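*Asks:* Give me a 3D structure for the following:
(one chain, ligands or ions: 1)
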Amino acid sequence: MRQNIVAGNWKMNNTLEEGVTLAKEVNEILKANKPNCKVVLGTPFIHLSEAVKAVDCDVIGIAAQNCADKVSGAYTGETSAAMVKSTGAQYVILGHSERRAYYGETNAILKEKTDLALANDLTPIFCIGEVLEEREADKHFDVVKTQIEEALFHLSPEAFGKVVLAYEPVWAIGTGKTASPEQAQEIHAFIRQTLADKYGAEVADNTSILYGGSCKPSNAKELFANPDVDGGLIGGASLKAEDFHGIIAAF
Ligand code: PGA
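*Replies:* I've put the predicted structure just below:
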């Protein structure tokens, strides 16, 4: 079901102790200020089980930032979807542009990861988005469409219904340059239409599509006010409980 969601992506920040402190801070703030949206914290793997214990799981979901494209076995350094699930986490961020750019994650690999996440009853927060040159060449619609088609369109309508999408223009991530509300709405509407063409209007209407890229308390409200923007995936501003809450409070 379509839901408004504000999800933090801590990336490779915070020691275990710092992460647990941050999760507890967010939890305390939300205890006092009931959020009008689902809140998710995307932590490094090592924080997952402690973060699950630190928060009220009815209010705050916990996400991994990745999972392996293999079930189990001799893959040194990898963490499987089943392992993520066993921590009590409910979500997994997949296909973040940093994973695509620095760790060679292709749409084909992400297809495998998505299948394993769903098989383990994790909700994928699946990231798509174009780089600056693609936007400038007016290719952003084609880029996101191909990312969705190649990694997700093998799913049944029922399985697709469990996926959350996050549109994150790479030129806006960590740059302080946000997509304008008009740019966000335009491409979110295009993404929803792409889903409607494949799965029908009901599945498209029920899909949460988050915006990510330099989202902060000062711009969250105007971004989230768009009819096709169902919340945000937040990097830098999720590392301070007050800032993160400032974004949650936009709903
Ligand atoms: P940012 O990162 O909010 O720091 O731009 C967003 C993301 O990478 O998910």
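
*Asks:* excluding its backbone neighbours, what's nearest the residue of the stretch 151-251 of the chain found nearest the ligand?
*Replies:* Going by Cβ to the nearest ligand atom, the ligand is nearest to Gly235 of the stretch 151-251 of the chain, at 2.2 Å. In short, each C-beta sits where N, CA and C put it, glycine included. Closest residue to Gly235 apart from its sequence neighbours, by Cβ to Cβ, 6 or more residues apart in numbering: Asn9 at 5.1 Å.

*Asks:* Can you give me the neighbour number for that neighbour?
*Replies:* 27 (other Cβ atoms under 10 Å).

*Asks:* beta partners for it?
*Replies:* Beta-bridge pairing for Asn9 (DSSP bridges): Gly42.

*Asks:* For it, give me its contacts.
*Replies:* By Cβ atoms under 8 Å, 6 or more residues apart in numbering, Asn9 lies in contact with 42, 65, 93, 96, 212, 233-235, 238.

*Asks:* Make JSON lines out of these and add secondary structure.
*Replies:* Listed next are the contacts of Asn9 as JSON lines, based on DSSP: H, G, I helix; E, B strand; the rest coil:
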{"residue": "Gly42", "secondary structure": "strand"}
{"residue": "Gln65", "secondary structure": "coil"}
{"residue": "Ile93", "secondary structure": "strand"}
{"residue": "His96", "secondary structure": "coil"}
{"residue": "Gly212", "secondary structure": "strand"}
{"residue": "Leu233", "secondary structure": "strand"}
{"residue": "Ile234", "secondary structure": "strand"}
{"residue": "Gly235", "secondary structure": "coil"}
{"residue": "Ser238", "secondary structure": "helix"}
